[in-house]
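Novice: Quick one: sequence and predicted model below, then my questions.
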Amino acid sequence: MSWTDERVETLKKMWGEGQSASQIAKELGGVTRNAVIGKVHRLGLSNRTTGATPAKAAPEKKAAKAPATPPKPKEPPKPTAIKAAADDAPAPPMSAARRAIIPAGQPLPPQPSLNEISPEALAKVNAIEKKAKRLTLMELTEKTCKWPVGDPATEEFWFCGLAVKQGKPYCEAHVGVAFQPMSSRRDRRR
């Protein structure tokens, strides 16, 4: 789902009418309540009046008071030492996985099921998992395979931990399972 001009206008109109984020999400379709709230904040629409409308508001009493002094402009916050140190650090390069973020409400790309994975790749994985280092999450590094094995809710959960293939998060055996060309997966289904 993308925020087209038409959808943004509908959002603005419904938000101005006092509709809830859930109601707006339902009307727009293909978008979550949280996505609506996020868009409202990015558009700067978050300060709406609830309840009384300006026409029904109580009239102001006009008193013979001296004009109020304008409020002082707020001073910008002073950067802390921690923030300043963080600003000096170079930003890490964005990985391809981070660039390919799937928006909320969109279907995930097709994932291979066990019957779509080649028997050779499965045999290689079974053999390699016998040699695995069985690392915990805290023991993982850039150079260790991050392939999860088991149920994360149990004590038997672990990560492979073998040396990764260049530019990938997994060892050679797990790369063979995780990154398969779509055409070969389709051919095995037929």
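Specialist: Okay, I see it. Treat the numbers as computed from the prediction; the structure is a model and nothing was measured.
Novice: what are the ranges of the helices in this protein?
Specialist: Assigned by DSSP state H, the chain shows helices spanning 5-16, 21-28, 33-43, 81-88, 96-99, 119-131, 172-178, 182-189.
Novice: winner for burial among the ones you listed?
Specialist: Across the helices of the chain, averaging neighbours per residue (mean count of other CB atoms under 10 Å) puts helix 172-178 on top, at a mean of 19. Every residue, glycine included, has its C-beta placed from N, CA and C.
Novice: and for it, what are the contacting residues?
Specialist: Under the criterion CB atoms under 8 Å, 6 or more residues apart in numbering, residues 112, 117-118, 121-122, 124-125, 127-128, 145, 147, 160, 162, 165, 168, 170 lie in contact with helix 172-178.
Novice: likewise stretch 154-170?
Specialist: Stretch 154-170 has contacts (CB under 8 Å, 6+ apart) with 128-129, 131-137, 139-140, 142-151, 171-175, 178-179.
Novice: and which of the contacts of helix 172-178 is nearest to Asn34?
Specialist: Asn34 has its nearest neighbour among the contacts of helix 172-178 in Pro112, at 29.8 Å by CB to CB.
Novice: can I see the domain layout of the chain?
Specialist: 5-43, 114-189 (automatic domain parsing).
Novice: I'd like the ones you listed as JSON lines, with mean pLDDT appended.
Specialist: Shown next, in JSON lines, are the domains of the chain (pLDDT from 0 to 100):
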{"stretch": "domain 5-43", "mean pLDDT": "90"}
{"stretch": "domain 114-189", "mean pLDDT": "82"}
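Novice: okay, now Pro152: neighbour count?
Specialist: Pro152 has 9 neighbouring residues, counting by other CB atoms under 10 Å.
Novice: How about Ala163?
Specialist: 12.
Novice: What of the one 5 residues further on?
Specialist: Neighbours of Lys168 under the rule other CB under 10 Å: 14.
Novice: what's the answer for Gly18, then?
Specialist: Number of residues near Gly18 (other CB under 10 Å) recorded here: 12.
Novice: Could I get the phi/psi values of it?
Specialist: Here is the backbone geometry of Gly18 (degrees, to the nearest 10): phi 90, psi 10.
Novice: Would you quantify the distance from it to Thr32?
Specialist: As judged by CB to CB, to the nearest Å, Gly18 and Thr32 stand 20 Å apart.
Novice: that older thread, can you tell me which two in the contacts of helix 172-178 are farthest apart?
Specialist: Farthest pair in the contacts of helix 172-178, by CB to CB: Pro112 and Leu162, 20.8 Å.
Novice: Comparing those two, which residue is more hemmed in?
Specialist: Between Pro112 and Leu162, counted using other CB under 10 Å, the more crowded position is Leu162 (21 against 17).
Novice: How much space separates that one from Gly18?
Specialist: Leu162 sits 57 Å away from Gly18, going by CB to CB.
Novice: Who are the contact partners of Ile128?
Specialist: Ile128 makes contacts with 160, 162, 171, 173-174, as judged by CB under 8 Å, 6+ apart.
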